[in-house]
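Engineer: here are the coordinates; sequence isn't available:
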């Protein structure tokens, strides 16, 4: 299996090279050169597998340069940190199924990918004798999951940028109370999009990237998408044992999680039907699906901060498929977007988009109302991101097709919104207790490329 750039400017590379490259050197995103095809015999064998066995089977379609035994050990080590035997359990609540993705060390879905990616980085660096300085931007959960994935690991320093006072208190503390010597938290005076733009700027500075051995943990890294594909496959196979298809509702702002669903549907076209793209009031992606309007708006601060995004960094991967895998056209479109902040789509393209995705935008009031009503009716507490997905799902429900809602974070990560909705805070997990009493370390800087660059130069390996 070889990997190419959405912009066509690199020669095909291996999985190991793709992991270490992160963002393609031509500014594009990496994708498999060819998507694998799955036959019915393979699907039948997958149904009998545990989560880790299934992960190995799915990964093996895309990874042919890590020995099978080593890959299995990486997978088992990554998911040994989860507190549920099924890793991503599926629970039925009234009309929908909840796919709980928050049983990892930081209680967010990012752990599913970043525990694996951290171990892969360590494995590859030990193999090569090289070092890495990881650079990423977070709107909340990616940062802590990435930090927990690589804290204390040799040959790795990690620099995580988050928007100052624009993440939840728990999210901030989960990052800043990790004081291992290889962890550097940076809070910028700006938005997540500002941080993401800084990261892309530094990765596109090829000389700087090479000199400081920059590595990517954001969902621009293909390994993250690959790890997320597994839980779609796992849930779909569980719910289609007796035939039929399944729908998924995905709260998303950066397009990474739902793109993993898009890949999973390519693997299982007979099992996965609709992908419901759920956004909060930052509705760039919903406007894109419903109206073909992909244009920048102002970031609105909500109770679901991981979705408070206007530039979806994984969107380019889907655009490549929308443009029939035409790299030149994808490159030109992204260059146009960089200049104008908008993209235009033909009527035919808009129809293809609406065939690929359903979409709903959920307001702040609707989010709180859904947490309240779902708790009253089911005794189950949703975090505000999951509530966005559930609200969208219930609008798109088409019985008898099962609807799976991705639960992307434990409600205790957003206790303020939960308490507003149900009148009391959610149960606090052991790992969250006394976080505010721990030593904290963070550097506050302007949202300025030069300042971030100088900080990395001073602290890099």
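Structural biologist: That came through, no problem. Please read these numbers as outputs of a predicted model, since none were measured by experiment.
Engineer: Buried residues, stretch 84-98. List them.
Structural biologist: 87, 88, 89, 90, 93, 96, 97, 98 (16 or more other C-beta atoms under 10 Å). In this view, the C-beta of every residue, glycine as well, is placed from N, C-alpha and C.
Engineer: List the contacts of the closest residue to the first one other than its chain neighbours.
Structural biologist: In this case it means residue 87. Leaving aside its chain neighbours, residue 87 sits nearest to residue 51 (4.1 Å; criterion: C-beta to C-beta, 6 or more residues apart in numbering). By C-beta atoms under 8 Å, 6 or more residues apart in numbering, the residues touching residue 51 are 79, 86, 87, 88, 230, 234.
Engineer: Those residues in strands, which ones?
Structural biologist: Using DSSP state E, no member of these sits in strands.
Engineer: so, if you compare the residues you listed, which one comes nearest to residue 186?
Structural biologist: residue 79 (29.4 Å; C-beta to C-beta).
Engineer: What is the neighbour count of the closest one?
Structural biologist: 23 (other C-beta atoms under 10 Å).
Engineer: what sits against it?
Structural biologist: Counted by C-beta under 8 Å, 6+ apart, residue 79 has contacts 51, 52, 55, 87, 115, 116.
Engineer: Recalculate using a threshold of 6 Å.
Structural biologist: Applying C-beta atoms under 6 Å, 6 or more residues apart in numbering to residue 79 gives the contacts 52, 87.
Engineer: Model confidence at it, what's the number?
Structural biologist: pLDDT recorded at residue 79 is 98.
Engineer: Can you give me the distance of it to residue 112?
Structural biologist: Separation of residue 79 from residue 112 (C-beta to C-beta, to the nearest Å) stands at 8 Å.
Engineer: just residue 213 next, same as before
Structural biologist: Per C-beta to C-beta, residue 213 is found 26 Å from residue 112.
Engineer: How about residue 274: what's its closest non-neighbour residue?
Structural biologist: That would be residue 247: by C-beta to C-beta, 6+ apart, it lies 4.2 Å from residue 274.
Engineer: Name the next helix or strand downstream of the helix or strand harbouring that neighbour, please.
Structural biologist: Following DSSP states H and E, one finds residue 247 within strand 246-251. Once the chain leaves strand 246-251, the next helix or strand it forms, by DSSP H and E, is helix 256-267.
Engineer: can you state the direction angle for that following helix and strand 246-251?
Structural biologist: Relative orientation of helix 256-267 and strand 246-251, computed by axes from the mean of the first three to the mean of the last three C-alpha atoms, to 10 degrees: 160 degrees.
Engineer: Contacts for helix 256-267 next, please.
Structural biologist: Residues from elsewhere that reach helix 256-267 (C-beta under 6 Å, 6+ apart): 35, 38, 219, 225, 228-229, 232-233, 248, 250, 252, 272, 275, 277, 314, 317-318.
Engineer: Ok, stretch 149-157 next?
Structural biologist: Contacts for stretch 149-157 (C-beta under 6 Å, 6+ apart): 114-115, 118, 122, 125, 131-133, 158, 178, 180, 182-183, 461.
Engineer: among these, who's most crowded?
Structural biologist: Busiest of these [other C-beta under 10 Å] is residue 114, holding 32 neighbours.
Engineer: Over to residue 22: give its phi and psi.
Structural biologist: phi 70, psi -100 (degrees, to the nearest 10).
Engineer: Bridge partners for the residue lying closest to it once chain neighbours are set aside, pull those for me.
Structural biologist: Among residues not flanking residue 22 along the chain, residue 216 sits closest, at 2.7 Å (C-beta to C-beta, 6+ apart). Legend: beta-bridge partners of residue 216 under DSSP bridges are residue 135.
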